[in-house]
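Participant: need a structure here:
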Amino acid sequence: MIAQHPQFSIKKIDGRLQCTLCPRDCKLADEQRGLCFVRKRRGDRIELTTYGRSSGFVIDPIEKKPLNHFYPGSSVLSFGTAGCNLSCKFCQNWDMSKSREMDILQSPATPGAIAQAARDHGCHSVAFTYNDPVVFYEYAVDTAIACHESGIKTVAVTASYINEIAREGFFQHMDAVNVDLKGFSESFYNELCAGSLQPVLDTLEYLIQETSVWTEITTLLIPGENDSEKELDEMTGWIVAHLGSHVPLHFSAFHPDYKLMTHPPTTHQSLLKAKRIAMKNGLNYVYLGNVHDPENASTICPACGKLLIGRVGYTITGWHLDEKGCCDSCGQNLPGVFELTHGTWGNRYQRILI
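Facilitator: Just a heads-up that it's a prediction; the model follows:
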């Protein structure tokens, strides 16, 4: 089934069409592309030029997205396309997000073929990732529909830089999302991402308050840019106040890349400091990523302190949930989406052809 997608080009201004998919609101002359590069005006329509084309397909752990409370230990078929509607100077997937799509898109696949491949390989879910699925909205939604028809769950890994008019049509087809909250100041978003913070916060509130989509958050800590105690305190305080203490937060270590090659990598101590601030403000589930730290990758019961889900890398090493998804010691409910036991995909990384 192919969805009938709304056109995010509903405004005509001085002969140009305004794409209203994301907050950039690009105004395009005929044959002109938006900042994302992959959405192009053709006549009275704005079309996705990367539909049905991918940079490749990989089966990897769901924890790599990262999602720690969504079918732990399961395998996920992951793919992306090209283009992005932000311009992050620290992008760690810049070869895809900043690509002119003809450079990298060598793997054509229909939505139905992707869903079938996920089923054939025993994947629990399909993830739209590597570059932001917001910019390949139609391809992601059609693939999600095909996946659901085959009993496959769907995951969006996104910066959630999307307009209100497009939110429902996109997220209604997603079972889980990891939102990349890049920082917590307008200056950070403006200067390092060429974007704005508020639309991301609006989308987070929408996801938690108006949908049933399982939501986790990731923040890449960049030394000297978004890792001050003040900013971390404000960010985690906002999450608790507006989203709740149950939302998992992942602090991820930065390594020099793209246009921030002279910045130092994030230290382990900086990650630990961020976690302390987050937990002091009331967040119950805070994880550290891009480092080897089994203790801070594992899930602990906030009520009794017992290990609920042990992890080494992406491998599940301990499981102490009862059949209702609660702590088997004190009965505290663990927010998330779980089965009776965990998956066994582990740390494997498998490229496939479709």
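
Participant: can we go C-alpha only for contacts and neighbour counts from here?
Facilitator: Will do.

Participant: Once you drop chain neighbours, what's closest to residue 300?
Facilitator: residue 307 (4.7 Å; C-alpha to C-alpha, 6 or more residues apart in numbering).

Participant: need the contact list for that neighbour.
Facilitator: Counting by C-alpha atoms under 8 Å, 6 or more residues apart in numbering, residue 307 makes contact with 298-301, 318-320.

Participant: Against residue 314, how distant is it?
Facilitator: 16 Å (C-alpha to C-alpha, to the nearest Å).

Participant: and what of residue 74?
Facilitator: 10 Å.

Participant: same question, residue 193
Facilitator: For residue 193 relative to residue 314 (C-alpha to C-alpha), the value is 29 Å.

Participant: Of the two, which one has the most company?
Facilitator: Taking neighbours as other C-alpha atoms under 10 Å, residue 193 and residue 314 compare with residue 314 leading, 24 against 20.

Participant: and the gap between the more buried one and residue 66?
Facilitator: 10 Å.

Participant: what do those two both touch?
Facilitator: Contacts common to residue 314 and residue 66, judged by C-alpha under 8 Å, 6+ apart, are absent.

Participant: Wait, residue 289 touches residue 254, no?
Facilitator: No. Shown here, residue 289 and residue 254 do not form a contact pair, counting by C-alpha atoms under 8 Å, at 9.5 Å.

Participant: next one: phi and psi at residue 108?
Facilitator: phi -70, psi 140 (degrees, to the nearest 10).

Participant: For residue 170, grab the count of nearby residues.
Facilitator: 19.

Participant: Let me know the helix or strand that it is in.
Facilitator: Per DSSP states H and E: residue 170 is located in helix 164-171.

Participant: Now that helix: buried residues?
Facilitator: 164, 166-167, 170-171 (16 or more other C-alpha atoms under 10 Å).

Participant: ok, what's across the strand from the closest residue to residue 227 other than its chain neighbours?
Facilitator: Nearest non-adjacent residue to residue 227, counting by C-alpha to C-alpha, 6+ apart: residue 221, 5.7 Å away. On the basis of DSSP bridges, residue 221 is bridged to residue 253.

Participant: Can you show me the helices along the protein?
Facilitator: Assigned by DSSP state H, the helices in the chain fall at 94-97, 111-120, 137-149, 164-171, 186-188, 198-210, 229-242, 268-280, 294-297.

Participant: domains of this protein?
Facilitator: 11-48, 53-292+339-352 (automatic domain parsing).

Participant: Tell me the predicted confidence for residue 15.
Facilitator: Looking at residue 15, its pLDDT is 87.

Participant: Now do the same contact list for it.
Facilitator: So residue 15 contacts residue 29 (C-alpha under 8 Å, 6+ apart).

Participant: Go again with 6 Å.
Facilitator: Contacts for residue 15 (C-alpha atoms under 6 Å, 6 or more residues apart in numbering) come out as none.

Participant: what's it sitting at in phi/psi?
Facilitator: Backbone phi and psi, for residue 15 under degrees, to the nearest 10, turn out to be phi 80, psi 0.

Participant: Quickly note the distance from it to residue 35.
Facilitator: For residue 15 relative to residue 35 (C-alpha to C-alpha), the value is 19 Å.

Participant: picking up where we left off before, so which of the contacts of residue 307 is the most crowded?
Facilitator: The contacts of residue 307, ranked by neighbours (other C-alpha under 10 Å): first place residue 299, 26 neighbours.

Participant: Pull up the gap between the residue nearest to it when sequence neighbours are not counted and residue 297, please.
Facilitator: Using C-alpha to C-alpha, 6+ apart and skipping residues adjacent in sequence, the residue nearest residue 299 is residue 309, 4.9 Å away. The gap separating residue 309 from residue 297 is 9 Å, by C-alpha to C-alpha.

Participant: of the buried residues of helix 164-171, closest to residue 213?
Facilitator: residue 171 (7.4 Å; C-alpha to C-alpha).

Participant: Check the gap between that closest one and residue 179 for me.
Facilitator: 12 Å.

Participant: How many residues are close by the residue nearest to residue 215 when sequence neighbours are not counted?
Facilitator: Distances taken as C-alpha to C-alpha, 6+ apart place residue 177 nearest to residue 215, at 5.0 Å, with adjacent residues excluded. Residue 177 has 26 neighbouring residues, counting by other C-alpha under 10 Å.

Participant: From residue 287, how far off is residue 177?
Facilitator: 16 Å.

Participant: what does residue 158 give?
Facilitator: 18 Å.

Participant: just residue 231 next, same as before
Facilitator: From residue 231 to residue 287 the distance is 18 Å (C-alpha to C-alpha).

Participant: same deal with residue 52?
Facilitator: 34 Å.

Participant: ok, the two, which is more surrounded?
Facilitator: Set side by side, residue 52 and residue 287 show more neighbours around residue 287, with 24 against 20, by other C-alpha under 10 Å.

Participant: Just list whatever residues bridge to that one.
Facilitator: Assigned bridge partners for residue 287, using DSSP bridges, are residue 250.

Participant: What does the pLDDT read for it?
Facilitator: 98.

Participant: Then residue 55?
Facilitator: pLDDT, residue 55: 86.

Participant: how many neighbours does it have?
Facilitator: 19.
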